[in-house]
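J.: Sharing a model that was predicted from the sequence below.
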Amino acid sequence: MKIYIHKTAEVSEKAKIGEGTAVWNNSQIRENAVVGKNCILGKNVYIDEGVVIGDNVKIQNNVSVYKGTTIESGVFVGPHVVFTNDKIPRAINEDGTLKNNDDWEVGRTVVKYGASIGAGAVILPGITIGEYALVGSGSVVTKDVPDYALVFGNPAKIMGKVDKNGQIKK
């Protein structure tokens, strides 16, 4: 199986892309990122340096996945989702100098196997989203999400449980 990279996509020579993966127009994959097999990265997806993405992951248009994020296999990420990596973002240090990579601490985020994240969700750093969990569209995830949990809102709260197909359990 071949890798498809659209002619307008920018993929670092230091990135690793698995067989059968498609990278669509205007997407960017930075150095030392790893994208597994049979993934789909939609239009205008940004994958930061060092991000790890498993196999059979679907990332829809306009998603930003910043450094410190790991997305396990079988995950769905809806359009316009943002994975942040800094809980206290500042452009400058106390002395007014521009911050660089050594001036901040990257938060680690993990999205576990089979989870789904709805359109427009914002995932704060230091969060683990459990297996088969379902994050509702527009949610702001500020705390860990257990396996099979249905969460939504701002901040996202547990509103129920779902099965492997995403159906609400009664």
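T.: That came through, no problem.
J.: burial measure for residue 101, as a count.
T.: Other residues within reach of residue 101 by the criterion other Cβ atoms under 10 Å amount to 8. To be clear about C-beta, it is placed using only N, CA and C from the backbone, and glycine gets the same treatment.
J.: For it, what are phi and psi?
T.: phi -60, psi -30 (degrees, to the nearest 10).
J.: distance of it from residue 50?
T.: Relative to residue 50, residue 101 is positioned 11 Å away (Cβ to Cβ, to the nearest Å).
J.: Residue 156 too?
T.: 26 Å.
J.: likewise residue 62?
T.: 21 Å.
J.: Between residue 156 and residue 50, point out the one with more neighbours.
T.: Neighbour count, other Cβ under 10 Å: between residue 156 and residue 50, residue 156 has more, with 25 against 17.
J.: The most centrally placed residue in the chain bridge partners, please.
T.: By Cα atoms, centre = their mean, the mean C-alpha position of the chain lies nearest to residue 65, the distance being 4.5 Å. Residue 65 has these beta-bridge partners by DSSP bridges: residue 47, residue 83.
J.: any idea of the pLDDT on it?
T.: Note for residue 65: predicted pLDDT of 98.
J.: what sits against it?
T.: By Cβ atoms under 8 Å, 6 or more residues apart in numbering, the contact list for residue 65 reads 45-48, 51, 53, 59, 71, 77, 83.
J.: before we move on, what about residue 165?
T.: By Cβ under 8 Å, 6+ apart, no residues touch residue 165.
J.: Okay, it and residue 132: tell me how far apart.
T.: Taking Cβ to Cβ, one finds residue 165 at 9 Å from residue 132.
J.: Just to check, residue 135 is in contact with residue 115?
T.: Yes. Residue 135 is within contact range of residue 115, at 7.4 Å (criterion: Cβ atoms under 8 Å).
J.: any shared contact partners between those two?
T.: By Cβ under 8 Å, 6+ apart, the residues touching both residue 135 and residue 115 are 129, 145.
J.: mind checking the SS state of the closest residue to residue 112 other than its chain neighbours?
T.: Nearest residue to residue 112, sequence neighbours excluded (Cβ to Cβ, 6 or more residues apart in numbering): residue 131, at 4.4 Å. Classification of residue 131 using DSSP: H, G, I helix; E, B strand; the rest coil returns coil.
J.: oh, and call the first residue 36 from now on, that's how I've got it
T.: Let's use 36 as the start, then, which means that last one is residue 166.
J.: how many neighbours does residue 166 have?
T.: Residue 166 - counted by other Cβ under 10 Å - has 17 other residues nearby.
J.: hang on, isn't it packed against residue 184?
T.: No. The criterion here is Cβ under 8 Å, and residue 166 misses it with residue 184 at 9.9 Å.
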